[in-house]
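S.K.: this is the structure alone, sequence omitted:
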């Protein structure tokens, strides 16, 4: 399901952008997924006519981006990005860097998480899941996140090329930045405040943006 759903979204994104299968352009794919619970719960240990190799190819995270490139005949870099909660954003960053480096002319960036209904979950003390089942980012009562399903993909292209080709431009990425919090934080799954702040400052510096002009901020569901 992870590969199939992302493939559908990627194809729709390319067609919506007016670049069905990329045409003659080199199109890169940068995407990641959550773990395939379908494989764990519905396939492994069950009855199937598929061989082990087929099961792995159709469900492994490493095959996600290549699946899109194969079926849509895209010849740019095809990279599986896996950074947990930040996967989709890091995919956008890597796609942007590839465009700047000339590795591709167009890039698809995105992510997918298909989780079948589980009938709830079991929050653990000190964990990231909300005991009350509600996300309240930037709120004093915030106590964690809630798992869910979803998928999205965006088509990226150098602005000068998009203007030249009269493409519809929904947004312009001025700059991106990526770092890691290391080990100086309260727990493995927790963010480090100064590490997050430094990354934001880096992106602002690269973009040459006056912070007083910022009017809208979008964040992770837990406020990070």
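M.R.: Cool, the structure landed. Please read these numbers as outputs of a predicted model, since none were measured by experiment. Numbering: from 1, shown residues only.
S.K.: in which helix or strand would I find the spatially most central residue of the chain?
M.R.: The chain has residue 88 as the residue nearest its centroid, 1.4 Å off, counting by Cα atoms, centre = their mean. Assigned by DSSP states H and E, residue 88 falls within helix 87-101.
S.K.: what segments of the protein are helices?
M.R.: 2-16, 37-38, 52-59, 64-72, 87-101, 159-164, 193-207 (DSSP state H).
S.K.: these: which one's closest to residue 122?
M.R.: helix 37-38 (15.0 Å; Cβ to Cβ). Heads up, the C-betas are built off the backbone N, CA and C, glycines and all.
S.K.: chain center to the closest one, what's the gap?
M.R.: Relative to its chain's centre, helix 37-38 lies at 19 Å (Cα atoms, centre = their mean, to the nearest Å).
S.K.: then stretch 177-187?
M.R.: 19 Å.
S.K.: cool, stretch 144-152 as well?
M.R.: Taking mean C-alpha positions (Cα atoms, centre = their mean), stretch 144-152 and its chain are 12 Å apart.
S.K.: for it, buried residues please.
M.R.: Buried residues in stretch 144-152, defined by neighbour count with 16 or more other Cβ atoms under 10 Å: 144-145, 151.
S.K.: same check on stretch 91-110?
M.R.: Those buried within stretch 91-110 under the rule 16+ other Cβ under 10 Å are 91-96, 98-99, 104-110.
S.K.: so which of these comes closest to residue 29?
M.R.: Using Cβ to Cβ, those come closest to residue 29 at residue 108, 4.9 Å.
S.K.: who touches that closest one in this structure?
M.R.: 10, 13-14, 27-31, 68, 74, 95, 153-156 (Cβ atoms under 8 Å, 6 or more residues apart in numbering).
S.K.: in the sheet, who's paired with it?
M.R.: Residue 108 forms beta bridges with residue 29, residue 155, as assigned by DSSP bridges.
S.K.: please tell me how far it sits from residue 146.
M.R.: 28 Å (Cβ to Cβ, to the nearest Å).
S.K.: go on, residue 186?
M.R.: 21 Å.
S.K.: any regions of the protein where pLDDT drops low?
M.R.: Scanning the chain for pLDDT under 70 picks out 21-23, 45-50, 117-118, 221-224.
S.K.: tell me the domain boundaries of it?
M.R.: Under the assignment the TED database, the domains of the chain span 1-118+135-158, 174-213.
S.K.: out of the ones you listed, nearest to residue 220?
M.R.: domain 1-118+135-158 (6.0 Å).
S.K.: now do the end-to-end distance for the closest one.
M.R.: Distance between the two ends of domain 1-118+135-158: 31 Å, counting by Cα to Cα, to the nearest Å.
S.K.: what's the spacing between it and its chain's center?
M.R.: Counting by Cα atoms, centre = their mean, domain 1-118+135-158 comes out at 7 Å from the chain centroid.
S.K.: repeat for stretch 178-197
M.R.: The answer for stretch 178-197 is 19 Å, by Cα atoms, centre = their mean.
S.K.: no more questions from me, cheers.
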